[in-house]
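**Student:** prediction below, plus the sequence it came from.
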Amino acid sequence: MSLKMPEPDQAVLARRTEIVAALRAIVPGEGVIDDVDALRPYESDGLTAYRQPPMVVVLPSDTAQVAAVLRWCHDNGVKVVPRGSGTSLSGGALPLADGVLLGLGKLNRVLGISYEARLAVVQPGVTNLAITRAVEEMGFYYAPDPSSQIACSIGGNIAENSGGVHCLKYGLTTNNVLGVELVTMDGEIVRIGGETLDPQGLDLLGVVVGSEGMLGVVTEVTVRILPKPETARAVLIGFSTVEGAGQCVADVIAGGIIPAGMEMMDRPAIHAAEAFVNVGYPLDVEALLIVELDGPEAECSHLIGEIERIALANGAVSARISQSEEERVAFWAGRKAAFPAVGRLSPDYYCMDGTIPRRRLPDVLDAMKELSAHYGLGVANVFHAGDGNLHPLILYDANVPGELDKAEAFGNDILRLCVKVGGVLTGEHGVGVEKRDLMPEMFSETDLRHQQRLKCAFDPELLLNPGKVFPTLHRCAELGRMHVHRGQVPFPELPRF
Ligand SMILES: Cc1cc2nc3c(=O)[nH]c(=O)nc-3n(C[C@H](O)[C@H](O)[C@H](O)COP(=O)(O)OP(=O)(O)OC[C@H]3O[C@@H](n4cnc5c(N)ncnc54)[C@H](O)[C@@H]3O)c2cc1C
């Protein structure tokens, strides 16, 4: 892969022994890992093409330890990369050679649940699915459901503003989080938001959600929980053309229907998923829509009828409605397993994430076919169709010299295409390292400088997760913000006005 990370600071590396000893004093026992072999499991996240063992891993057990580690690193000029479960697909948790990897996995307790207030308070290392598991006996669930939900942490979900099948109707992470406890890089513990939907003041929670571990470390989260709907039914609708399926999605939304989920797979993805889970997906179609309706029984039945009508008008060739809860879950099993299933089509694949206006779906798929021919690499498509969020899976073989570079170039062209048709660079996987150098495709230099001013307000020394999101991280003094630390003006060589 071509992308470069910042050069490690040799002066920091020379102090490694001293740094490890200081961190051990803060997090005793097995909470600090510095053995070279033991660092290996941390060398990448879900974007495995990038690898870099950290200088040291620190696994704090509580907020006080997180704060003390950050304060020490801040005062000693050591960079920190926060890490949840390491499932990021954009390299957001990629370690730095001269940095501490701060693993939040030990902060994994559900601290409290209020069914009356419909909220749960959890630590950041609790997995997404574990929140639903904690409340389902009482008939509740946590709505955002990334396909990685069995593994990914709620802290990582907040950092990436993660989404999933149910986000079309129930919103992304940002719409389901009420408050956080956040530790800033200088070790200050702050609370943002709380138990109510509309906290006072500026929307700092909106700033923190999706900030990719660059503004602070989340140490506690208050999420909304929802009562499980009375009925949920899924419909599998087959189309002989992708255009028909795309138009059906647009017409359903235009018709004022917001399904609980509306996902699309193209022919290669359908075949791979069916071979993987055997749920009876139609194999003679070019596109398959899975549409889920939830709510009162009468409403579900009515809306399913409406959707069948819209689908037929768009040339649907088959429709199958789930007849039981088991069948509904089975319909989704293929979609949820689509990523691993595509692993059968090719030794390796590169999962992209971009968003387009729904009506541009057919043009974008056509252009993607041309790109596929140009690069000589296959592509299987899985979409959060209702949101216009694409996940093209580019098929390649890492053992063939040059194929990974080709896959990366193909992926970059897809993302440029998304921006060109009025969409955006990412849907739910974040910018991280992967899309960092594509940011100027979407934002002007002025836009990027304004975004970085926000970073400077939280982390003026640029120590928290640097090298991610921004193609060049400008020094805060250059951006007009001056932070005086212990009486010392930073960058004294720069003129002040
Ligand atoms: C098979 C598979 C399927 C996936 N499907 C989806 C999907 O459907 N939808 C989706 O949105 N994503 C999906 N993802 C991507 C990934 O699971 C999400 O981005 C997830 O939110 C990452 O959580 P994590 O705990 O693994 O975070 P990590 O990978 O550990 O970290 C991700 C980012 O969060 C930061 N971070 C982690 N914890 C904290 C914290 N406590 N405080 C501050 N910053 C923190 C890190 O610095 C990094 O920038 C998928 C990944 C895989 C491997």
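**Tutor:** Noted; the coordinates are in hand.
**Student:** under the pLDDT cut-off, which ranges of this protein? List them.
**Tutor:** Applying pLDDT under 70 to the chain picks out residues 1-2, 480-486, 489-497.
**Student:** which parts of it sit against the ligand?
**Tutor:** Within the chain, the positions near the ligand by C-beta under 6 Å from any ligand atom are 45-46, 81-89, 92-93, 104, 124, 146-148, 152-153, 155-157, 159-160, 162-164, 212-213, 217-218, 339, 428-429, 465. In short, each C-beta sits where N, CA and C put it, glycine included.
**Student:** mark which of those residues are part of helices, please.
**Tutor:** Residues of those located in helices (DSSP state H): 155, 156, 157, 159, 160, 339.
**Student:** tell me, how many residues neighbour the nearest residue to the second one once chain neighbours are set aside?
**Tutor:** Pointing back at residue 156 there. Distances taken as C-beta to C-beta, 6 or more residues apart in numbering place residue 84 nearest to residue 156, at 3.3 Å, with adjacent residues excluded. Residue 84 has 29 neighbouring residues, counting by other C-beta atoms under 10 Å.
**Student:** in what helix or strand does the closest residue in space to residue 255 that isn't next to it in sequence lie?
**Tutor:** Of all residues not flanking residue 255 in the chain, residue 310 sits nearest, at 6.3 Å (C-beta to C-beta, 6+ apart). Applying DSSP states H and E as the criterion places residue 310 in helix 297-313.
**Student:** the helix or strand following that helix pairs with which strands, parallel or anti?
**Tutor:** Sequence-wise, the next helix or strand downstream of helix 297-313 (DSSP H and E) is strand 316-321. Strand 316-321 sits in its sheet next to strand 231-239 (antiparallel), going by DSSP bridges.
**Student:** can you list the residue ranges for strands in the stretch 51-200 of the chain?
**Tutor:** Residue ranges of the strands in the stretch 51-200 of the chain, as given by DSSP state E, counting those that start in this stretch, are 56-58, 79-83, 99-103, 110-114, 119-122, 140-141, 177-183, 189-193.
**Student:** now render these as TSV, adding mean neighbour count.
**Tutor:** Below are the strands of the stretch 51-200 of the chain laid out as TSV (neighbours: other C-beta atoms under 10 Å):
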stretch	mean neighbour count
strand 56-58	23
strand 79-83	26
strand 99-103	25
strand 110-114	13
strand 119-122	22
strand 140-141	18
strand 177-183	24
strand 189-193	18
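**Student:** now tabulate those strands in TSV and tack on distance to residue 245.
**Tutor:** Listed next are those as TSV, based on distance: least, C-beta to C-beta, whole Å:
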stretch	distance to residue 245
strand 56-58	45
strand 79-83	38
strand 99-103	42
strand 110-114	40
strand 119-122	37
strand 140-141	28
strand 177-183	33
strand 189-193	39
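**Student:** ok, which of those strands comes nearest residue 369?
**Tutor:** strand 79-83 (37.5 Å; C-beta to C-beta).
**Student:** how many other residues sit next to residue 317?
**Tutor:** A total of 16 residues lie near residue 317 under the criterion other C-beta under 10 Å.
**Student:** shouldn't it be in contact with residue 240?
**Tutor:** Yes - Residue 317 is within contact range of residue 240, at 5.3 Å (criterion: C-beta atoms under 8 Å).
**Student:** and for these two, which residues touch both?
**Tutor:** Common contacts of residue 317 and residue 240 (C-beta atoms under 8 Å, 6 or more residues apart in numbering): residue 285.
**Student:** so which residue is dead centre in this protein?
**Tutor:** Centroid-nearest residue in the chain, with C-alpha atoms, centre = their mean: residue 429, separated by 3.3 Å.
**Student:** how about that one: what's its closest non-neighbour residue?
**Tutor:** The shortest distance from residue 429 to any non-neighbouring residue, by C-beta to C-beta, 6+ apart, is to residue 353 (4.0 Å).
**Student:** residue 427 is in contact with the one you found, correct?
**Tutor:** Yes - counting by C-beta under 8 Å, residue 353 does reach residue 427; the two are 5.0 Å apart.
**Student:** quick check: neighbours shared by the two?
**Tutor:** Counting by C-beta under 8 Å, 6+ apart, the shared contacts of residue 353 and residue 427 are 389, 390, 391.
**Student:** which other residues reach the host helix or strand of the second one?
**Tutor:** In other words, residue 390. If you go by DSSP H and E, residue 390 is part of strand 389-396. Applying C-beta under 8 Å, 6+ apart, the external contacts of strand 389-396 come out as 163, 269, 339, 342, 345-356, 364, 368, 377-384, 403-404, 406-407, 410-411, 414, 418, 427-428.
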